[in-house]
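>>> Give me the fold of what follows.
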Amino acid sequence: VLGWNYTFDKHNINLLLGQEMQRKNYFYEYYSGSDFPFAADGKTDLSTAGTPQGSEDYKKEARLASYFMDAHYSYEDKYYVSGSFRRDGSSVFGSNHRWGNFWSVGGKWRVSGEEFLKDNSIITNATLRASYGTVGNQDIDWYAARGFYSSGYNYNEKPGMTPTSISNSDLTWETSEQTNIGIDARFLDNRLSFTMDWYSKQTKDLLVEVGTNAASGFATQYQNAGTVKNTGLELSMGWRDQIGKEFKYGVNVNMAYNKNEVTEVNNANHFIEGGNDLLAQSTGRFVRMEEGHPIGYFYGYKTDGVIQNQNDLQAYLDQNCKGNAANSKQGASIKPGDLKFVDVDGNGVINDDDKTDLGNPHPDVTMGLTLSAEYKGFDFSVTTYGAFGAQVARSWRKFSDGQYENYTTEVYDYWHGEGTSNRYPLLAPGNSGQNFQAISDIYIDDADYVRIQNLTIGYDFKRIWKNCPFQQLRVYAAAQNLFTFTGYKGMDPEN
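Numbers count the residues shown, from 1 in each chain. From the prediction side, this is the model:
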């Protein structure tokens, strides 16, 4: 690293040039055996195993080369301009796509340093800032581009090697471009603070493990799948003050809004499906990366309640299935207690074409609140956090993997006769059949919540032990994730 700093008059220039090399290695070894004749004597070294059962070992290596520069300029401690550039080469990508160039520019203006605000009694400090930059991501399997091979496989009594992952020589850097405009301000002798940030972030060539054609012999392959855009606004406001000589207090509130949208998918279908059998066996794929939707949105069937009786059954068939039970998702065996899958495309047949957007796993708005106080050695703080607008899929328990799975008390809300439930269907042995194995909105719940993240109470005993040799002798008690207020019935709305 080579640095240079120069100051003259009211100018300051800082330059940095550097080069970095990284090498990472991973080793794995496994040996097994049984029938240890000296086990009673505590000797179970593998070399004493009567029956060696096998061994396995492999290693992986990744390398990264980087060249970078950074420049900063300021004038009168009021005007700031900065820029950076770096060129990175990573061994995890294809041989023709290993190098990426990433740069940024930014500037800020300390408005409070101007003459017209210098003696302002309200505005203590105010800064306007803006920046644009790109960063790269290479956080994937080290051999994702080249493929991974394993040895030791037996072919007609002869040793051999087999590929365990499919290569992709076109794999390259995931690149994020972000624009940010912000304001930092303090008022009333720094008692009141305010921060605002608007951002627009576009991530191109997103690195995703994508499902492949079964004919390839592999389930997935890393690809540069498409482009995702995040646009949002972040606000923060705080107040810190003192009453008398002993009582200090503070309040901080923050809020963030974010919109996530996939703007491009690099295939002919314009979508990628994932989450195969993620909730339970035979449930298929139910999350998608699709143009015009949030990344990873839940995808499945909409329902319109539960069939209550024969008249209700016929009305459902007439409205959604052209009056023909064979056109329903359950087929000719459809009966009271089954779900009413909605014919979204209006063709009178319930099939995969009726699957639609069931929910967004990303919150629209997050909020936080922190309260703090100090009085005569005692201190108190509480931090809360809330997220609103997200949905969550019920992945916290299996439901169709077998007849003897555990259930929650919510099972009593399932349909067991006319009028008993209009959301959950009649239970079936092993929860088999389309009511449970066709992912629908009965498995998607709102995940709004407010959580007390931290509560701390403390006391500094130096207040009463004047000769204490320590600068501070504070004893405190803290509780993490004390309460969560939510309508979600699963384990944790955040996960």
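>>> Please verify my assumption that T227 contacts E264.
Yes: taking contacts as Cβ atoms under 8 Å, T227 lies within contact range of E264: 4.0 Å. For glycine as for every other residue, the C-beta is placed from the backbone atoms N, C-alpha and C.
>>> more neighbours, the two?
T227 (19 against 15; other Cβ atoms under 10 Å).
>>> quick one: buried residues of the helix or strand G232 falls within?
Assigned by DSSP states H and E, G232 falls within strand 226-243. In terms of neighbour count (16 or more other Cβ atoms under 10 Å), strand 226-243 has its buried residues at 226-230, 232, 234-236, 238.
>>> beta partners of S84?
With DSSP bridges applied, S84 shows beta-bridge pairing to D70, S104.
>>> same question, T175
G136, K204.
>>> who touches it in this structure?
Going by Cβ atoms under 8 Å, 6 or more residues apart in numbering, T175 touches 100, 102, 134-137, 203-205.
>>> So how do I select the buried members of those residues in ChimeraX?
The buried subset of the contacts of T175, as determined by 16+ other Cβ under 10 Å, is captured in ChimeraX by this line:
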select :100,102,134,135,136,203,204,205
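>>> ok so, going back, quick one: mean pLDDT for the strand holding G232?
Here strand 226-243 scores 97 as its mean pLDDT.
>>> list the helices and strands it packs on?
Packed against strand 226-243 by the contact rule (3 or more Cβ pairs under 8 Å, 6 or more residues apart in numbering; DSSP states H and E) you find strand 192-204, strand 247-265.
>>> What pairs with that strand, parallel or antiparallel?
Here, using DSSP bridges, strand 226-243 pairs with strand 192-204 (antiparallel), strand 247-265 (antiparallel).
>>> Can you name the residues in contact with the strand or helix carrying W4?
Taking DSSP H and E as the criterion, W4 maps to strand 2-8. The contact list for strand 2-8 (Cβ under 8 Å, 6+ apart) reads 12-18.
>>> repeat that with 7 Å
The contact list for strand 2-8 (Cβ atoms under 7 Å, 6 or more residues apart in numbering) reads 13-18.
>>> now, the most widely separated pair of these?
Taking Cβ to Cβ as the measure, the contacts of strand 2-8 reach their widest spread between I13 and G18, a distance of 17.1 Å.
>>> pLDDT (mean, whole number) over the strand holding W4?
Mean pLDDT, strand 2-8: 95.
>>> cool, stretch 381-398 as well?
88.
>>> for stretch 166-178, same thing?
Here stretch 166-178 scores 93 as its mean pLDDT.
>>> again, but for stretch 308-316
So the average pLDDT for stretch 308-316 ends up being 97.
>>> Give me the buried positions along it.
308, 313, 316.
>>> Other residues contacting the one helix or strand the last one maps to?
Spelled out, that is Y316. Using DSSP H and E, Y316 maps to helix 310-320. Here helix 310-320 makes contact (Cβ under 7 Å, 6+ apart) with 307, 323-325, 328, 334, 336, 340, 342-343, 350.
>>> Below-threshold pLDDT in the chain: ranges please.
In the prediction, the chain carries residues with pLDDT under 70 at positions 38-44, 47, 152-155, 395-403, 405-406, 430.
>>> let's see 80
The model of the chain has pLDDT under 80 over residues 30-58, 147-162, 164, 211-217, 219, 275, 280-282, 395-408, 429-432, 495.
>>> For it, just list every one of the helices.
Remark: helices assigned in the chain by DSSP state H are 310-320, 434-437.
>>> can you redo those as TSV with distance to D197?
Output for the helices of the chain, formatted as TSV (distance: least, Cβ to Cβ, whole Å):
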stretch	distance to D197
helix 310-320	47
helix 434-437	44
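>>> Nearest to K108, out of those helices?
The nearest among the helices of the chain, by Cβ to Cβ, is helix 434-437 at 55.9 Å.
>>> For that closest one, list the C-alpha coordinates in PDB.
Output in PDB follows, covering the C-alpha atoms of helix 434-437 (Å, rounded to 0.1, in the frame of the first residue of the first chain):
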ATOM      1  CA  GLN A 434     -53.900 -31.900  -3.200                       C
ATOM      2  CA  ASN A 435     -55.400 -30.100  -0.200                       C
ATOM      3  CA  PHE A 436     -52.100 -30.200   1.500                       C
ATOM      4  CA  GLN A 437     -49.500 -31.000  -1.100                       C
END
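>>> out of the contacts of T175, who's nearest S432?
Nearest member of these to S432, counting by Cβ to Cβ, is T203, at 40.4 Å.
>>> got the contact list for that closest one?
With Cβ under 7 Å, 6+ apart, T203 has these contacts: 174, 176, 227-228.
>>> excluding its backbone neighbours, what's nearest the residue sitting nearest the centre point of the chain?
Residue closest to the average C-alpha location in the chain (Cα atoms, centre = their mean): H362, at 8.3 Å. Take H362 and drop its neighbours on the chain: the residue closest to it by Cβ to Cβ, 6 or more residues apart in numbering is N260, 5.0 Å away.
>>> Number of residues surrounding that neighbour?
Number of residues near N260 (other Cβ under 10 Å) recorded here: 20.
>>> what's the answer for L339, then?
29.
>>> Any chance of the helices and strands packed on strand 226-243 in CSV with distance to L358 as columns?
Below are the helices and strands packed on strand 226-243 laid out as CSV (distance: least, Cβ to Cβ, whole Å):
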stretch, distance to L358
strand 192-204, 24
strand 247-265, 16
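>>> which one of these lies closest to F461?
It's strand 247-265; of the helices and strands packed on strand 226-243, that one is closest to F461 (Cβ to Cβ) at 18.6 Å.
>>> Render the CA-only coordinates of the closest one in PDB, please.
Taking C-alpha atoms only, strand 247-265 is exported to PDB below (Å, rounded to 0.1, in the frame of the first residue of the first chain):
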ATOM      1  CA  PHE A 247     -31.300  13.200  34.900                       C
ATOM      2  CA  LYS A 248     -30.300  12.500  31.300                       C
ATOM      3  CA  TYR A 249     -32.500  10.900  28.700                       C
ATOM      4  CA  GLY A 250     -32.600  10.100  25.000                       C
ATOM      5  CA  VAL A 251     -35.100   9.000  22.300                       C
ATOM      6  CA  ASN A 252     -34.300   7.700  18.900                       C
ATOM      7  CA  VAL A 253     -36.700   6.700  16.100                       C
ATOM      8  CA  ASN A 254     -35.900   5.300  12.800                       C
ATOM      9  CA  MET A 255     -37.900   4.100   9.800                       C
ATOM     10  CA  ALA A 256     -37.000   2.500   6.500                       C
ATOM     11  CA  TYR A 257     -39.100   1.700   3.400                       C
ATOM     12  CA  ASN A 258     -37.800  -0.600   0.600                       C
ATOM     13  CA  LYS A 259     -39.300  -1.800  -2.700                       C
ATOM     14  CA  ASN A 260     -37.700  -4.900  -4.100                       C
ATOM     15  CA  GLU A 261     -38.300  -5.900  -7.800                       C
ATOM     16  CA  VAL A 262     -36.800  -8.300 -10.300                       C
ATOM     17  CA  THR A 263     -36.300  -6.300 -13.500                       C
ATOM     18  CA  GLU A 264     -34.600  -9.000 -15.600                       C
ATOM     19  CA  VAL A 265     -34.300 -12.800 -15.700                       C
END
